[in-house]
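**Student:** let me see the structure of the following:
(chains A and B)
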Number of protein chains: 2
Amino acid sequence: MIRIAIDAMGGDLAPAAIVKGAIDSLSSCPNTKLLLYGEEKAIQEECAKYQYDTERIEIIPCSENISLHESPVMAIRRKKDSGIVKGMKAVKEGEAEAFLSAGSTGAILAGGQLIVGREKGVLRPPLAALMPTRQGVTLLTDCGANVDAHPEWLVQFAKMGAIYMKEMLGVPSPTVGLVNIGAEEEKGNALVKAAMEKCKEEKDLNFIGSVEARDIVEGNCSVVVADAFVGNVVLKMYEGVGKMLLSEIKSGIKEGGPLSLVGGALISSALRKRMKRFDAKSHGGAPILGLKGLVVKVHGNTDGVEITTAIRQAKEFAEKGLPKKIAAALDFSDEKEGSEGE
Amino acid sequence: MIRIAIDAMGGDLAPAAIVKGAIDSLSSCPNTKLLLYGEEKAIQEECAKYQYDTERIEIIPCSENISLHESPVMAIRRKKDSGIVKGMKAVKEGEAEAFLSAGSTGAILAGGQLIVGREKGVLRPPLAALMPTRQGVTLLTDCGANVDAHPEWLVQFAKMGAIYMKEMLGVPSPTVGLVNIGAEEEKGNALVKAAMEKCKEEKDLNFIGSVEARDIVEGNCSVVVADAFVGNVVLKMYEGVGKMLLSEIKSGIKEGGPLSLVGGALISSALRKRMKRFDAKSHGGAPILGLKGLVVKVHGNTDGVEITTAIRQAKEFAEKGLPKKIAAALDFSDEKEGSEGE
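**Tutor:** As a prediction, the model looks like this:
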């Protein structure tokens, strides 16, 4: 039985969307028990809307909630009765195998480090997100956890990402690339140049060198490594450009008059089919890699679908023992201990 | 008379595309004289294909050419008889007001600094590109010149960008934002946090704080400032995602069968109209700001259209005396001298 702790109060449409997503997962995820953390009455009201196996969902009342606008580290230290703190404690104490939240990214990252804790040898746990590409999916890591990274961190992000793609997505020997601003040897900033040299030395890594931002969405590379600032810019540009272009196309069709509208109707089902795999919802959440248990950040505007997907992923992640595999596969003999950082 | 030096050998389709773009500009850009640098015979052959006022085009023979694959700084120092070196020297010596090239970005940037030279007080000259957005255009600066930037450089990029948008595009009080990974005060890396504080102190700047990558293409901000690594990732993601999505949409319509193909035909003219302003060609080249003369980098795959646009821009830039205005508008009383860097 895999127990998954869920922050029922995190996200724009919480708790309704979170409860819906959790209950929707029950049928396709046998052998799971879901622990919903949050305001008891509000969660009960949402649960009452569905028919489900009540044995498999437990509500753990919390009197506090961490908002998007408070300092993450302070919130984690002070709000002991929040769903994020209690849910992560459950993971730390072995009462749950995974924790999911669509709440404050900062608080989830801080809690992951401060409460769940890093696996031995992990310098910094990166946030990793699956990005749809023309050829399938690519894991982008780090997409938001550790700014001002050191070269050694990027090497670990690369290793952890490769394990994720191999174990979770069955890619036999995942290709790994570093986000860079040109393919030439001498290009890049100080961080990328140093990380490039270190990645080349890693014999276990199927390292292909630089990946230009322009090529990421083509999907020629399974794992794309960047420091958190650059990774976040990549992710947000993808989201922003995609949203803007699709909306412009819709407006263009509307402005084109009656014939253009008919044309729009004729292409819509084919387009929907083709674009379906670019729907981020089907890729669930972004796991933090390198922690002692699984912590997953789900997009804040989830309507519940990503929660269902993330629960399925979390179950698989836990069943396959990914945290231990990541720790075991990293060779820390000549690396600094994880306790070096804050 | 504005004299514009042009590297006729730079770009994937040179010299044909460059010569075509240059000759096409003659009718819409009166009072210009174009100096074409490169292989004399090849340029003459291209010129022979057109009818034009031969007084307004001069060929300056060059025996060398700088390729994309050589070290930019070494190439600038050694290849004294290349179009990039000779064209930039013409700008430095007052024989031309501007220099344009679709060749090696690295060589153009290196030449700009080493040959044309910075205006007094300019710490680092950024590469600035006009990006089409939902609301018009936004100037992205620095999009490729100075990696590992210092906070003071970003402040100057902001000031120079604002002057460009005001003078060249007539935006009365251009809004300026810093690319960041969240709108909250505490977010960002060390560089962005420091630059944020400094930009806030600049009373002449209409500074609006953080801009998330997701919002850049919406166009709420006239000048978007970033260090060159991040700026380049923004630009290349825009290009890559746009290209990939439009190609996926075309494939989707094709796969949808006959009705979908009819639909595609019905929307095509409306779509083409709507998407026209997202065509990067209409925005010409990316100027390097803060040099003693104008240097413009044109996209390497130009078919000539960007050359024509860039010539028009360069003429306007020179006529309005932008280099001097940029130097004058920056208050350098308490800044380090430009001679500090390499």
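
**Student:** how near is the spatially most central residue of chain A to residue A:270?
**Tutor:** Central residue of chain A (C-alpha atoms, centre = their mean): residue A:286, 0.4 Å from the mean position. Applying C-beta to C-beta, to the nearest Å, the value for residue A:286 to residue A:270 is 30 Å. For the C-beta atoms, the positions are set from N, CA and C on the backbone; glycine is no exception.

**Student:** residue A:296 too?
**Tutor:** 33 Å.

**Student:** what does residue A:27 give?
**Tutor:** Applying C-beta to C-beta to residue A:27 and residue A:270 gives a distance of 30 Å.

**Student:** try residue A:176
**Tutor:** The separation that residue A:176 has from residue A:270, given C-beta to C-beta, amounts to 35 Å.

**Student:** and the strands in the stretch 1-150 of chain A?
**Tutor:** Listed in chain order, the strands found in the stretch 1-150 of chain A under DSSP state E, counting those that start in this stretch are A:2-7, A:32-38, A:57-61, A:98-101, A:128-133, A:136-141.

**Student:** and those strands, which is most packed in?
**Tutor:** Comparing those by mean neighbour count (mean count of other C-beta atoms under 10 Å in any protein chain shown), strand A:98-101 comes out on top with a mean of 31.

**Student:** any residues touching that one, and which ones?
**Tutor:** A:2-7, A:10-11, A:83-84, A:87-88, A:90-91, A:108, A:116, A:285, A:293-298, A:307, A:310-311, A:314-315, A:317-318 (C-beta atoms under 8 Å, 6 or more residues apart in numbering or on different chains).

**Student:** and the residue nearest to the centre of chain A, what are its bridge partners?
**Tutor:** When bridges are assigned using DSSP bridges, the partners listed for residue A:286 are residue A:297.

**Student:** can you list the weak-confidence ranges in chain A?
**Tutor:** A:183-186, A:280-281, A:331-342 (pLDDT under 70).

**Student:** quick check: longest helix of it.
**Tutor:** Using DSSP state H, we find that the single longest helix of chain A is helix A:228-255.

**Student:** between that helix and helix B:228-255, how many degrees?
**Tutor:** Direction vectors for helix A:228-255 and helix B:228-255, defined by axes from the mean of the first three to the mean of the last three C-alpha atoms, to 10 degrees, enclose an angle of 40 degrees.

**Student:** chain center to stretch A:113-121: distance?
**Tutor:** Put simply, stretch A:113-121 sits 17 Å off its chain's centre (C-alpha atoms, centre = their mean, to the nearest Å).

**Student:** what's next to it, contact-wise?
**Tutor:** Contact partners of stretch A:113-121, identified using C-beta under 8 Å, 6+ apart, comprise A:73, A:76-77, A:85, A:88-89, A:91-92, A:99, A:125, A:290-293, A:295, A:323-324, A:326-327, A:330, A:332, A:335, A:337-338, A:342.

**Student:** from the residues you listed, which land in helices?
**Tutor:** The helices, defined by DSSP H, take in A:73, A:76, A:77, A:85, A:88, A:89, A:91, A:92, A:323, A:324, A:326, A:327 from the contacts of stretch A:113-121.

**Student:** among these, which one has the most neighbours?
**Tutor:** Per-residue neighbour counts (other C-beta atoms under 10 Å in any protein chain shown) across these peak at residue A:88, which has 30 neighbours.

**Student:** isn't that one right up against residue A:111?
**Tutor:** Yes. Using C-beta atoms under 8 Å, residue A:88 and residue A:111 qualify as a contacting pair, with a distance of 4.7 Å.

**Student:** joint contacts of these two?
**Tutor:** Taking C-beta under 8 Å, 6+ apart as the contact criterion, the residues that touch both residue A:88 and residue A:111 are residue A:295.

**Student:** related to what we said a few turns ago, between residue A:176 and residue A:270, which is the more surrounded one?
**Tutor:** Using other C-beta under 10 Å as the criterion, residue A:176 and residue A:270 rank with residue A:176 on top: 26 against 22.

**Student:** can the one helix or strand the more buried one maps to be found next to chain B?
**Tutor:** Residue A:176 is part of strand A:175-180, with elements assigned from DSSP states H and E. Yes. Strand A:175-180 lies in contact with chain B when judged by C-beta under 8 Å from any C-beta of the partner chain; the contacting residues are residue A:179.

**Student:** show me what the longest helix of chain A is packed against.
**Tutor:** Contacts of helix A:228-255 with other secondary structure elements, assessed using 3 or more C-beta pairs under 8 Å, 6 or more residues apart in numbering or on different chains; DSSP states H and E, are made with strand A:128-133, strand A:136-141, strand A:175-180, helix A:213-216, helix A:258-275, helix B:213-216, helix B:228-255, helix B:258-275.

**Student:** what comes up buried for that helix?
**Tutor:** Judged by neighbour count using 16 or more other C-beta atoms under 10 Å in any protein chain shown, the buried positions of helix A:228-255 are A:228-242, A:244-245, A:248-249, A:252-253.

**Student:** and for stretch A:264-279?
**Tutor:** By 16+ other C-beta under 10 Å, the buried positions in stretch A:264-279 come out as A:264, A:266, A:267, A:270, A:271, A:274, A:275, A:278.

**Student:** and the two most separated of those residues?
**Tutor:** Maximum pairwise distance in the buried residues of stretch A:264-279, criterion C-beta to C-beta, is 20.8 Å, between A:266 and A:278.

**Student:** quick one: residues contacting whatever residue of the stretch 1-150 of chain A ends up closest to chain B.
**Tutor:** Nearest residue of the stretch 1-150 of chain A to chain B, counting by C-beta to the nearest C-beta: residue A:147, 3.9 Å away. With contacts taken as C-beta under 8 Å, 6+ apart, residue A:147 has the following neighbours: A:227, A:228, A:229, B:181, B:188, B:189, B:190.

**Student:** do you know how far it is from residue A:105?
**Tutor:** Between residue A:147 and residue A:105 the computed distance is 13 Å (C-beta to C-beta).

**Student:** how about stretch A:21-33 as CSV, C-alpha atoms only?
**Tutor:** As requested, the backbone C-alpha atoms of stretch A:21-33 are provided in CSV (Å, rounded to 0.1, in the frame of the first residue of the first chain):
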residue,chain,number,x,y,z
GLY,A,21,-8.4,14.9,-8.6
ALA,A,22,-7.7,12.7,-5.6
ILE,A,23,-11.0,10.9,-5.8
ASP,A,24,-10.6,10.5,-9.6
SER,A,25,-7.3,8.7,-9.1
LEU,A,26,-8.7,5.9,-6.9
SER,A,27,-10.0,3.7,-9.7
SER,A,28,-6.9,3.8,-11.8
CYS,A,29,-4.4,3.6,-8.8
PRO,A,30,-5.1,0.5,-6.8
ASN,A,31,-3.2,0.0,-3.6
THR,A,32,-3.0,3.6,-2.7
LYS,A,33,-4.3,5.5,0.4
